[in-house]
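Visitor: model the following, please.
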Amino acid sequence: YLNLYTDNVNILNLLKHEKTTYIPYNYNFYEFQETIGDIDINIAPLRETYINFMKSNIRVILPGYKGIPSVVSNFSEYKDLGNENVLTCETENDWYENIKKLIVDKEIYKKYSRNIKSKVDTDFSFEKWVENKKWNMCLDTSGLS
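Guide: Here you go, the predicted structure:
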(Lines give C-alpha, C1' and ligand atoms only; values in the text may rest on other atoms or scores of the structure.)
Protein backbone atom coordinates (compact mmCIF):
# COMPACT_ATOMS: atom_id res chain seq x y z
CA TYR A 1 0.00 0.00 0.00
CA LEU A 2 1.00 3.63 -0.34
CA ASN A 3 0.58 6.34 2.29
CA LEU A 4 0.52 9.58 0.36
CA TYR A 5 1.41 12.65 2.41
CA THR A 6 0.65 15.61 0.16
CA ASP A 7 -1.53 18.64 -0.29
CA ASN A 8 -1.11 18.49 -4.09
CA VAL A 9 -4.30 17.34 -5.82
CA ASN A 10 -2.40 16.46 -9.03
CA ILE A 11 -0.15 14.02 -7.15
CA LEU A 12 -3.17 12.53 -5.39
CA ASN A 13 -4.96 11.99 -8.71
CA LEU A 14 -1.82 10.53 -10.31
CA LEU A 15 -1.31 7.96 -7.54
CA LYS A 16 -4.96 7.26 -6.69
CA HIS A 17 -5.43 3.55 -6.07
CA GLU A 18 -7.52 1.38 -3.75
CA LYS A 19 -4.39 0.73 -1.66
CA THR A 20 -3.43 4.42 -1.45
CA THR A 21 -4.19 6.28 1.75
CA TYR A 22 -4.29 10.06 1.38
CA ILE A 23 -2.99 12.03 4.36
CA PRO A 24 -2.91 15.83 3.97
CA TYR A 25 0.68 16.96 4.43
CA ASN A 26 -0.25 20.21 6.15
CA TYR A 27 -2.46 18.74 8.83
CA ASN A 28 -1.89 18.56 12.57
CA PHE A 29 1.85 18.11 13.16
CA TYR A 30 1.35 15.86 16.21
CA GLU A 31 -0.88 13.51 14.19
CA PHE A 32 1.72 13.55 11.42
CA GLN A 33 4.44 12.50 13.89
CA GLU A 34 2.24 9.65 15.12
CA THR A 35 1.60 8.32 11.61
CA ILE A 36 5.15 8.77 10.29
CA GLY A 37 6.02 5.37 11.75
CA ASP A 38 3.75 3.82 9.11
CA ILE A 39 6.23 4.82 6.40
CA ASP A 40 8.65 2.19 5.09
CA ILE A 41 10.25 4.29 2.35
CA ASN A 42 10.14 8.07 2.15
CA ILE A 43 9.96 9.63 -1.32
CA ALA A 44 10.79 13.34 -1.46
CA PRO A 45 10.49 14.78 -4.95
CA LEU A 46 11.42 18.36 -5.66
CA ARG A 47 11.49 20.20 -8.95
CA GLU A 48 14.38 22.46 -9.77
CA THR A 49 12.65 25.82 -9.42
CA TYR A 50 13.69 29.04 -7.75
CA ILE A 51 11.13 28.61 -4.95
CA ASN A 52 12.11 24.99 -4.30
CA PHE A 53 15.77 25.92 -4.25
CA MET A 54 15.09 27.72 -0.95
CA LYS A 55 13.31 24.79 0.71
CA SER A 56 14.88 22.75 3.47
CA ASN A 57 15.37 19.00 3.71
CA ILE A 58 12.82 18.64 6.53
CA ARG A 59 10.89 16.06 4.47
CA VAL A 60 13.91 13.78 4.83
CA ILE A 61 14.96 14.76 8.35
CA LEU A 62 11.61 13.90 9.99
CA PRO A 63 11.42 10.30 8.70
CA GLY A 64 15.22 10.02 8.92
CA TYR A 65 15.00 10.60 12.67
CA LYS A 66 13.02 7.37 12.82
CA GLY A 67 15.45 5.53 10.52
CA ILE A 68 13.22 5.61 7.46
CA PRO A 69 15.33 5.67 4.27
CA SER A 70 14.57 8.21 1.55
CA VAL A 71 14.63 8.32 -2.23
CA VAL A 72 15.01 11.97 -3.23
CA SER A 73 15.50 14.39 -6.10
CA ASN A 74 19.16 15.18 -6.71
CA PHE A 75 18.57 18.85 -5.98
CA SER A 76 19.05 21.53 -3.35
CA GLU A 77 19.51 20.40 0.23
CA TYR A 78 18.39 16.84 -0.54
CA LYS A 79 21.57 16.15 -2.49
CA ASP A 80 23.63 17.78 0.27
CA LEU A 81 22.63 14.94 2.59
CA GLY A 82 25.04 12.71 0.64
CA ASN A 83 24.62 9.61 -1.50
CA GLU A 84 25.59 7.41 1.43
CA ASN A 85 22.53 8.68 3.37
CA VAL A 86 19.83 9.01 0.70
CA LEU A 87 19.27 7.54 -2.75
CA THR A 88 19.24 10.45 -5.21
CA CYS A 89 17.42 10.50 -8.55
CA GLU A 90 17.59 12.52 -11.73
CA THR A 91 15.72 10.31 -14.22
CA GLU A 92 12.52 8.27 -14.11
CA ASN A 93 14.68 5.15 -14.27
CA ASP A 94 16.63 6.33 -11.19
CA TRP A 95 13.35 6.59 -9.25
CA TYR A 96 12.29 3.11 -10.31
CA GLU A 97 15.66 1.49 -9.58
CA ASN A 98 16.23 3.20 -6.22
CA ILE A 99 12.76 2.42 -4.87
CA LYS A 100 13.14 -1.16 -6.12
CA LYS A 101 16.53 -1.49 -4.33
CA LEU A 102 14.96 -0.58 -1.00
CA ILE A 103 12.05 -2.97 -1.52
CA VAL A 104 14.04 -5.96 -2.78
CA ASP A 105 17.33 -5.78 -0.88
CA LYS A 106 16.95 -5.81 2.91
CA GLU A 107 20.64 -5.08 3.46
CA ILE A 108 20.49 -1.93 1.33
CA TYR A 109 17.34 -0.92 3.20
CA LYS A 110 19.08 -1.43 6.56
CA LYS A 111 22.18 0.45 5.38
CA TYR A 112 20.25 3.56 4.30
CA SER A 113 18.06 3.33 7.40
CA ARG A 114 21.13 3.34 9.68
CA ASN A 115 22.96 6.00 7.67
CA ILE A 116 20.13 8.55 7.58
CA LYS A 117 19.37 8.00 11.28
CA SER A 118 23.04 8.60 12.10
CA LYS A 119 23.20 11.69 9.85
CA VAL A 120 20.12 13.21 11.49
CA ASP A 121 21.35 12.40 15.01
CA THR A 122 24.80 13.83 14.26
CA ASP A 123 24.01 16.89 12.15
CA PHE A 124 20.42 17.88 12.93
CA SER A 125 20.00 17.40 16.67
CA PHE A 126 19.05 20.28 18.94
CA GLU A 127 22.51 20.10 20.51
CA LYS A 128 24.13 20.52 17.09
CA TRP A 129 21.85 23.50 16.37
CA VAL A 130 22.90 25.14 19.66
CA GLU A 131 26.55 24.45 18.88
CA ASN A 132 26.19 26.06 15.44
CA LYS A 133 24.39 29.07 16.92
CA LYS A 134 27.15 29.58 19.48
CA TRP A 135 29.81 29.27 16.78
CA ASN A 136 28.02 31.77 14.54
CA MET A 137 27.66 34.20 17.45
CA CYS A 138 31.40 33.99 18.03
CA LEU A 139 32.07 34.74 14.38
CA ASP A 140 29.66 37.69 14.17
CA THR A 141 31.67 40.60 15.55
CA SER A 142 30.11 43.24 13.28
CA GLY A 143 28.36 44.97 16.19
CA LEU A 144 31.50 45.19 18.31
CA SER A 145 33.78 48.22 18.32
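
Visitor: who's in contact with the residue nearest the centre of the chain?
Guide: With distances taken as Cα atoms, centre = their mean, residue 60 lies nearest the centre of the chain, 1.4 Å away. Shown in contact with residue 60 (Cβ atoms under 8 Å, 6 or more residues apart in numbering): 42, 44, 70, 72, 78, 81, 86, 116. Yep, even glycine has a C-beta here, placed from its N, CA and C like the rest.

Visitor: where's it relative to residue 100, distance?
Guide: To residue 100, residue 60 is 19 Å away according to Cβ to Cβ, to the nearest Å.

Visitor: how much space between residue 84 and residue 134?
Guide: Counting by Cβ to Cβ, the gap from residue 84 to residue 134 is 28 Å.

Visitor: any idea of the mean pLDDT for the helix or strand where the residue nearest to the centre of the chain lies?
Guide: If you go by DSSP states H and E, residue 60 is part of helix 58-65. Averaged across helix 58-65, pLDDT comes to 89.

Visitor: quick check: buried residues in it?
Guide: Residues of helix 58-65 classed as buried: 59, 60, 61, 62, 63, 64, 65 (neighbour count, 16 or more other Cβ atoms under 10 Å).

Visitor: so the third one versus residue 15, what's the distance?
Guide: Put plainly, it is residue 61. With the distance defined as Cβ to Cβ, residue 61 ends up 23 Å from residue 15.

Visitor: also the fourth one?
Guide: Computed as Cβ to Cβ, the residue 62 to residue 15 distance reads 20 Å.

Visitor: perfect, I'm done here.
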